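Novice: Sequence plus predicted model, see below.
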Amino acid sequence: MRLLTHNMLASNVRGATTGYPLTLEATNWCTKEVELNSDFIRGLLPKIDWRALVAATRAVGLPELLPEEQPPEEEIFADGAADVEGSAIRRIHHALLEVHVQEGSLVCPDTSRCFPINKGIPNMMLHEDEV
Amino acid sequence: MPRPEFQAPPDVFYNESEARKYTTSSRIIEIQSRISERALELLALPNDGVPKLLLDIGCGSGLSGETLTEHGHHWIGYDISKSMLDVALERETEGDLLLADMGQGLGLRPGVIDGAISISAIQWLCNADKSSHDPRLRLKAFFGSLYRCLARGARAVLQFYADNVKQSEMIVTFAMRAGFAGGVVVDWPHSSKAKKSYLVLTCGPPSVTTSLPKGKGENGEGCSDDDDNESSGEDGDRTVGIYERNRPKKRQKTKKNGKGKDWLLRKKEQMRRRGHDVPADTKYTGRKRKGYF
């Protein structure tokens, strides 16, 4: 599961008011290299919950990867920034698309319902009384 | 071949052996690929070359998601069968995978998805596989959450196999109630094999620019591969049949003609010209002899 997907997910459990952001508890994760596409990041960034993303990077043990506040767009999408190692857009790309959580769990902030992650696949199935 | 919906719930039917069989069948791979291409076409994404974040609902072992990856898009796949998802992991699909029941709602934040496709999955929602299942409530939960998570103006293309007209109508009804605009596009409606139904939905109010696309193969324009095979087979059969029927008739006619008085008179004249002794023509010429002779 990518952190991008984690950022999109919300809990469906009965009794959950907002249901997101889910608290990520990662016990195992890995990285897979993906080609950077500035246009994709540009289109995606307005939809990202930045605080949830920062919390997720800390949960996997990368507290220094992203700053607490979202950097301004001029800085992220500056000309040639995509080619600079360690630039803002590179780090955002890495966090969203290259970090994969393999084992762990997702916790609903409202009901504390725990969704296990096995082999990179979250189990979002609800029991009958939770629908 | 009986429909899988009537044999078992999807998470039971697609067990380990069935999931593997499904994924290694070259025919199924080809069909899935073709339907996915068509669904992506109907999605009508802007041609700006920018990758989109798409949903693949009922992604199974990643056959349909593979088409999305080939076009450069990122996708999140949902499936209820753990075995299918395990096969997807083996095949190292690019998209993110989730084990979830779409009848319980998709569980996504509002307005974050650029488009959604689904290949032969939503007909499963019409079956009550558990005592707690109500197909109408499940369809409502599914379309409601789908509408919520799609961005304004985004589209969803859901290909499905309806068991009957009522099922088709029920699916469309709940899609409209959730707020979608659009309808069903049918490719090859006259072919029982090649016919495919796509529920094409647009998120947001309908407008003139978002008219429903036309299905392929309507009004007899062009033919799909399956159609060609079927029709040529039929033609062959008819030709053989006609040929068989003609032969006996000809024989019968020939027999009926036989030899009459005219033939006899022509023969006598012929013999005279050749110098043979020929009896004179009388009123008895060509008549049958009596029995006692």
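Specialist: Looks like it came in fine. Numbering: from 1, shown residues only, chains lettered A, B, ... in the order given.
Novice: distance between the lowest-mean-pLDDT helix or strand in chain A and the chain's centre?
Specialist: Lowest on mean pLDDT, DSSP states H and E among the helices and strands of chain A sits helix A:73-76, with a mean of 78. Relative to the mean C-alpha coordinate of its chain, helix A:73-76 is positioned 20 Å out (C-alpha atoms, centre = their mean, to the nearest Å).
Novice: Give the other helices and strands that that helix contacts.
Specialist: Packing contacts for helix A:73-76, counted by 3 or more C-beta pairs under 8 Å, 6 or more residues apart in numbering or on different chains; DSSP states H and E, involve helix A:88-93. Every C-beta, even on glycine, is put in place using the N, C-alpha and C of the backbone.
Novice: Would you mind naming what in the stretch 1-150 of chain B lies close to chain A?
Specialist: Within the stretch 1-150 of chain B, the residues that sit near chain A (C-beta under 8 Å from any C-beta of the partner chain) are B:48-53, B:74, B:76, B:80, B:85-86, B:89, B:96-101, B:104-109, B:111-114, B:130, B:132, B:141, B:145, B:149.
Novice: near chain B, which residues of chain A?
Specialist: Going by C-beta under 8 Å from any C-beta, the residues of chain A near chain B are A:1-2, A:4-5, A:7-12, A:19-20, A:37, A:39-40, A:43-44, A:47, A:49, A:97, A:119-126, A:128, A:131.
Novice: SS state for the closest residue to residue B:68 other than its chain neighbours?
Specialist: Ranked by C-beta to C-beta, 6 or more residues apart in numbering or on different chains and with sequence neighbours excluded, the top spatial neighbour of residue B:68 is residue B:75, at 4.6 Å. When classified by DSSP: H, G, I helix; E, B strand; the rest coil, residue B:75 comes out as strand.
Novice: thinking again about what came up before, show me how to select, in PyMOL, the buried members of the residues of the stretch 1-150 of chain B next to chain A.
Specialist: Only the buried members of the residues of the stretch 1-150 of chain B next to chain A enter the following PyMOL selection, criterion being 16 or more other C-beta atoms under 10 Å in any protein chain shown:
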select buried, chain B and resi 50+51+52+53+74+76+80+85+86+96+97+98+99+100+101+104+105+106+107+108+109+112+113+114+141+145+149
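Novice: mind listing which of the residues of the stretch 1-150 of chain B next to chain A are in strands?
Specialist: The members of these that map onto strands under DSSP state E are B:53, B:74, B:76, B:96, B:97, B:98, B:99, B:113, B:114.
Novice: Now do the contacts for the second one.
Specialist: Read it as residue B:74. Neighbour list for residue B:74: A:4, A:40, A:97, B:51, B:52, B:53, B:54, B:94, B:95 [criterion: C-beta atoms under 8 Å, 6 or more residues apart in numbering or on different chains].
Novice: still on that earlier bit, tally of neighbours for the residue nearest to residue B:68?
Specialist: The tally of other residues near residue B:75 (other C-beta atoms under 10 Å in any protein chain shown) stands at 28.
Novice: May I ask you to confirm that it is in contact with residue B:54?
Specialist: Yes. Counting by C-beta atoms under 8 Å, residue B:54 is a contact partner of residue B:75 at 4.6 Å.
Novice: Please enumerate the strands of the chain.
Specialist: The chain I'm using is chain A. A:23-31, A:99-107, A:114-118, A:121-122.
Novice: Switch to chain B, please.
Specialist: Under DSSP E, chain B gives strands at B:53-57, B:74-79, B:96-99, B:113-119, B:150-160, B:181-187, B:196-202.
Novice: Ok, which of the ones you listed comes nearest residue B:277?
Specialist: With C-beta to C-beta as the measure, strand B:181-187 is the member of those nearest residue B:277 (84.6 Å).
Novice: Wait, residue B:162 touches residue B:123, no?
Specialist: Yes. Counting by C-beta under 8 Å, residue B:162 touches residue B:123, with 6.2 Å between them.
Novice: who touches both of the two?
Specialist: By the contact definition C-beta under 8 Å, 6+ apart, residue B:162 and residue B:123 are jointly contacted by residue B:171.
Novice: Show me which of the two is the more surrounded one.
Specialist: Shown here are residue B:162 and residue B:123; by other C-beta under 10 Å, residue B:123 has more neighbours (21 against 18).
Novice: Distance check, the more buried one against residue A:115.
Specialist: Distance, residue B:123 to residue A:115, by C-beta to C-beta, to the nearest Å: 27 Å.
Novice: just residue B:55 next, same as before
Specialist: In terms of C-beta to C-beta, residue B:55 sits 18 Å off from residue A:115.
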